[in-house]
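*Asks:* got a structure for you, letters missing:
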């Protein structure tokens, strides 16, 4: 029993670390926008336009790579660990969305003091912490 709890906690931390970073790459890639700048001279405008196109291509490539990594991550979890762990991983990834959208919109990273107190943030916390017992249960039923 204690070993199952320890495995669940370690697995939850690993899933949280990998899942939140992967979903961060995907969402930031999808919501990437160029910030408006002051009107520069023609030569500088040409250089900025060329750099913007290069960054746009790199952004699309990174977003596609992030989608492929997320798909491979979820397929590997399902194949090796089962549906219960897959649901826990998806819950952890979904729990990051409200924080991530708020960070992209406002700028600073979410902390306890500046965290939004709306329903999305509450649902995100419930999903994040609810993934731990789900992971424990799925690991317990797997080893039986």
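*Replies:* Right, received. Where do you want to start? All of these numbers come straight from a predicted model, not from anything done at the bench.

*Asks:* name the residues of stretch 7-17 that are buried.
*Replies:* Along stretch 7-17, the positions that meet the burial threshold by neighbour count (16 or more other CB atoms under 10 Å) are 8, 11, 12, 15, 16. In short, each C-beta sits where N, CA and C put it, glycine included.

*Asks:* what mean pLDDT does it have?
*Replies:* For stretch 7-17, the per-residue pLDDT values average out at 96.

*Asks:* what's the end-to-end length of stretch 97-117?
*Replies:* When the termini of stretch 97-117 are compared using CA to CA, to the nearest Å, they are 14 Å apart.

*Asks:* which residues sit against that stretch?
*Replies:* 23, 24, 27, 28, 31, 118, 120, 121, 123, 124 (CB atoms under 8 Å, 6 or more residues apart in numbering).

*Asks:* how about stretch 88-95?
*Replies:* In this structure, residues lying in contact with stretch 88-95 by CB under 8 Å, 6+ apart are 12, 15-16, 19-20, 22-23, 70, 73-74, 77, 123-128, 130-132, 134-135, 138.
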